[in-house]
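**Student:** Please find the sequence and the predicted model below.
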Amino acid sequence: MNTTWSTPTKYIVGVGLALLGIYVFYISLPVFPILIIAALSAFLLTPAVDFFHQRFKIPRLIAVLLSYALLILIALLSPLLLIGPMMQGFSSLAAVDYHVFLNDILSWFQITLINLRTIKLPILTTPLDLSSIINPALQFLQNTEVAIAPNSLPSMDTIVSSLQSALTVTFGVATSVVGTVSSWVLTLIITLMAAVYMTLDSAKFVTYFINLAPKPYRSEVAQLLDRLKKVWQSYIRGQTTLMITIGTTIWLGDSVLGIQGAFALGVIAGMLELLPYLGPFLAAIPAVIVALIQGSAYLDVSNFTFGLIVAVFYLTIHQVKDVFLVPRILGDAVDLHPLVVIIGVAIGATVGDILGVLLATPIIASGREIVWYLYAKILGQEPYPYPPKAELYPKPTSLWLEQSRAWWLRTLKRNK
């Protein structure tokens, strides 16, 4: 009896499987953020697991549990280490009398307008009188200064106390919502368990995915997966390095300039490096506001001038990072045009909220690798004409170990 399916049967089954896959994908959409976070956690912890497993020769399961235990410990201790300096920086802002700050800004605008009114600009040999424009503006500023009386606005201490009361009430209400808390705890447990299983069987997943392809294509699929792995490794390693570098630089620079709360501003700048191109701009806003309100603890300049100095400092750091640090840290793996990144971030924000914003850049870079592979196959070209290059020189660590081993063997021979 012939058990081979006919062509119509194959088409019917293929279409049915495709429709079933689309339906499963649709009903699984709410779970995708959990799977993505779990996969990223497994990807980040794989080097640590390999280190414990290969270096100390402990079972892989124990290495996985140890790595995740260290991750949880770091996650719990980090807020305790950062909350003190950050609260100190924010408390210094709470003590600012912003009525004086607003009046200083209005006074600066008035002086500037008065100076402009005394300047006669010659336009076609005819002096241009700006009094008709400047006088109403001065009158408006004077009325605004009268309206902003110290007694008309609450003090910063009052606002902070009100916020503390509101936060206390909000926290009390939030803790009463047992269902929400339980949902978050359950989601966290599921994410952690999924990440542990992904870390344990990461090699099996890759091998299984490669074996799904026909034998002639497995080498190409393996190279494609390796290139995708390098893209994500370069992005994660580069972003971590940039966050630490920029955060430390901003902290030290703000401390030298004399900005209150320099450590908190450095932490904010480092964390906002996760947002491509938009993060540095957002990080500069609180620093400039602090400079305008409090001025410098060391520089004998006006608050407005100091605000300009801080803005130039942040702009310089941003330019140095884009020109020198990003090409060397991120490399060619995520070498994307800024316009492509900005559009991708906007699309990611629309589709996946904050997770889409954070992962837009590596997803676009991964898509570029996949599209290049498909494009080469469509044209009948070899997507990877050259095999992966072997290392011409050993890594410094391997070279040092090999030299130490050779020296130890020579010493043993001499002693014999």
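**Tutor:** Cool, got the structure. Residues are numbered from 1 along each chain as shown.
**Student:** For the stretch 1-150 of the chain, just list every one of the helices.
**Tutor:** Using DSSP state H, counting those that start in this stretch, the helices assigned to the stretch 1-150 of the chain run over residues 7-27, 32-55, 60-94, 98-118, 131-147.
**Student:** Could you list which residues are in contact with the residue positioned nearest the centre of the chain?
**Tutor:** For the chain, the residue sitting closest to the mean C-alpha position, by Cα atoms, centre = their mean, is residue 274 at 1.4 Å. Taking Cβ atoms under 8 Å, 6 or more residues apart in numbering, we find residue 274 in contact with 239, 243, 358. Just so you know, the C-beta spots here come from the backbone N, C-alpha and C atoms, and that holds for glycine as well.
**Student:** so what pLDDT did it get?
**Tutor:** If you check residue 274, the pLDDT there is 83.
**Student:** Surely it forms part of a helix?
**Tutor:** No - counting by DSSP: H, G, I helix; E, B strand; the rest coil, residue 274 falls outside a helix, being coil.
**Student:** Turn the contacts of residue 274 into a markdown table, columns for pLDDT.
**Tutor:** Shown next, in a markdown table, are these (pLDDT from 0 to 100):
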| residue | pLDDT |
| --- | --- |
| 239 | 85 |
| 243 | 89 |
| 358 | 82 |
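**Student:** Tell me the one of the residues you listed nearest residue 194?
**Tutor:** residue 358 (18.7 Å; Cβ to Cβ).
**Student:** So what's the residue count around the closest one?
**Tutor:** Per other Cβ atoms under 10 Å, the neighbour tally for residue 358 reads 19.
**Student:** again with the one 10 residues further on
**Tutor:** Neighbour count of residue 368, defined by other Cβ under 10 Å: 17.
**Student:** what does residue 190 give?
**Tutor:** Residues lying near residue 190 (other Cβ under 10 Å) number 14.
**Student:** what does residue 28 give?
**Tutor:** Neighbour count for residue 28, taken as other Cβ under 10 Å: 10.
**Student:** same thing with residue 226?
**Tutor:** Applying the criterion other Cβ under 10 Å, we find 13 residues in the vicinity of residue 226.
**Student:** Going forward, the N-terminal residue is numbered 58.
**Tutor:** That works, and once the first residue is 58, the last one we named lands at residue 283.
**Student:** For the one helix or strand it maps to, name the packing helices and strands.
**Tutor:** Assigned by DSSP states H and E, residue 283 belongs to helix 272-314. In terms of contacts (3 or more Cβ pairs under 8 Å, 6 or more residues apart in numbering; DSSP states H and E), helix 272-314 is packed against helix 89-112, helix 259-269, helix 319-329, helix 335-351, helix 360-377, helix 383-386, helix 395-435.
**Student:** what's the offset of it from the middle of its chain?
**Tutor:** Chain-centre distance of helix 272-314: 11 Å, with Cα atoms, centre = their mean, to the nearest Å.
**Student:** angle of it against helix 89-112?
**Tutor:** Per axes from the mean of the first three to the mean of the last three Cα atoms, to 10 degrees, the angle that helix 272-314 makes with helix 89-112 is 90 degrees.
**Student:** before we move on, back to that, any idea which of the helices of the stretch 58-207 of the chain scores lowest on pLDDT?
**Tutor:** For the helices of the stretch 58-207 of the chain, the weakest mean pLDDT is recorded on helix 188-204, namely a mean of 65.
**Student:** returning to what we had before: output the contacts of residue 331 in a markdown table; the columns should cover distance to residue 269.
**Tutor:** Shown next, in a markdown table, are the contacts of residue 331 (distance: Cβ to Cβ, whole Å):
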| residue | distance to residue 269 |
| --- | --- |
| 296 | 31 |
| 300 | 36 |
| 415 | 29 |
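**Student:** Packed most tightly, which of the helices and strands packed on helix 272-314 would that be?
**Tutor:** Most buried of the helices and strands packed on helix 272-314 by mean neighbour count (mean count of other Cβ atoms under 10 Å) is helix 319-329; its value is a mean of 22.
**Student:** Can you give me the distance of residue 410 to residue 312?
**Tutor:** 35 Å (Cβ to Cβ, to the nearest Å).
**Student:** for residue 275, same thing?
**Tutor:** Distance of residue 275 to residue 312, computed by Cβ to Cβ: 55 Å.
**Student:** now swap in residue 323 and tell me
**Tutor:** Distance, residue 323 to residue 312, using Cβ to Cβ: 9 Å.
**Student:** quick one, what contacts residue 429?
**Tutor:** Applying Cβ under 8 Å, 6+ apart to residue 429 gives the contacts residue 440.
**Student:** can you check residue 401 too?
**Tutor:** Residues near residue 401 by Cβ under 8 Å, 6+ apart: 393, 417-418, 420-421.
**Student:** farthest-separated two in those?
**Tutor:** The widest separation within these (Cβ to Cβ) is 10.9 Å, between 393 and 420.
**Student:** how about the helices and strands packed on helix 272-314 in CSV, adding distance to residue 240?
**Tutor:** CSV is the format used below for the helices and strands packed on helix 272-314 (distance: least, Cβ to Cβ, whole Å):
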stretch, distance to residue 240
helix 89-112, 12
helix 259-269, 28
helix 319-329, 26
helix 335-351, 30
helix 360-377, 39
helix 383-386, 38
helix 395-435, 17
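**Student:** and those helices, which one is worst for confidence?
**Tutor:** helix 383-386 has the lowest average pLDDT among the helices and strands packed on helix 272-314, namely a mean of 74.
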